[in-house]
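Asker: got a structure for you, letters missing:
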């Protein structure tokens, strides 16, 4: 099984069976269009996201209302959300 994340993150430690199990547990969805949100600031963190195609602009809105760009992400990349614990 081919996985573009294998060389660059934790799945690189998985054997073929581990990659298959990990892949089977993923929920896949597509977000199309500029300005569409994957998740919003302040929402509870309940999962991690892996970017397989396209670009993601990671932003934060400051108290004053200004939007600050934290990062521009491209594949293979993960949006690891602090505090997320599998099975919790």
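Answerer: Arrived safely, thanks for sending. Values in this document were obtained by computation on a predicted structure and should not be read as measured data.
Asker: only C-alpha atoms from now on, for both contacts and neighbour counts.
Answerer: Noted.
Asker: please enumerate the strands of the chain.
Answerer: 49-51, 56-61, 67-73, 77-79 (DSSP state E).
Asker: will you turn the ones you listed into JSON lines that also has mean neighbour count?
Answerer: What follows is these, written out as JSON lines (neighbours: other C-alpha atoms under 10 Å):
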{"stretch": "strand 49-51", "mean neighbour count": "16"}
{"stretch": "strand 56-61", "mean neighbour count": "15"}
{"stretch": "strand 67-73", "mean neighbour count": "11"}
{"stretch": "strand 77-79", "mean neighbour count": "15"}
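Asker: show the average pLDDT along stretch 77-88.
Answerer: Along stretch 77-88, the predicted confidence averages to a pLDDT of 53.
Asker: re earlier: comparing the strands of the chain by mean pLDDT, which bottoms out?
Answerer: Among the strands of the chain, strand 77-79 carries the lowest mean pLDDT, a mean of 70.
Asker: these two touch, right, residue 69 and residue 56?
Answerer: No. Counting by C-alpha atoms under 8 Å, no contact exists between residue 69 and residue 56, whose distance comes to 10.5 Å.
Asker: in a markdown table: the strands of the chain, plus distance to residue 37.
Answerer: Listed next are those as a markdown table, based on distance: least, C-alpha to C-alpha, whole Å:
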| stretch | distance to residue 37 |
| --- | --- |
| strand 49-51 | 12 |
| strand 56-61 | 9 |
| strand 67-73 | 14 |
| strand 77-79 | 13 |
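Asker: residue 18: which of those is closest?
Answerer: In this view, the strands of the chain are compared for proximity to residue 18 by C-alpha to C-alpha, and strand 49-51 is the closest at 16.8 Å.
Asker: burial of residue 42, as a residue count?
Answerer: Using other C-alpha atoms under 10 Å, residue 42 has 7 neighbouring residues.
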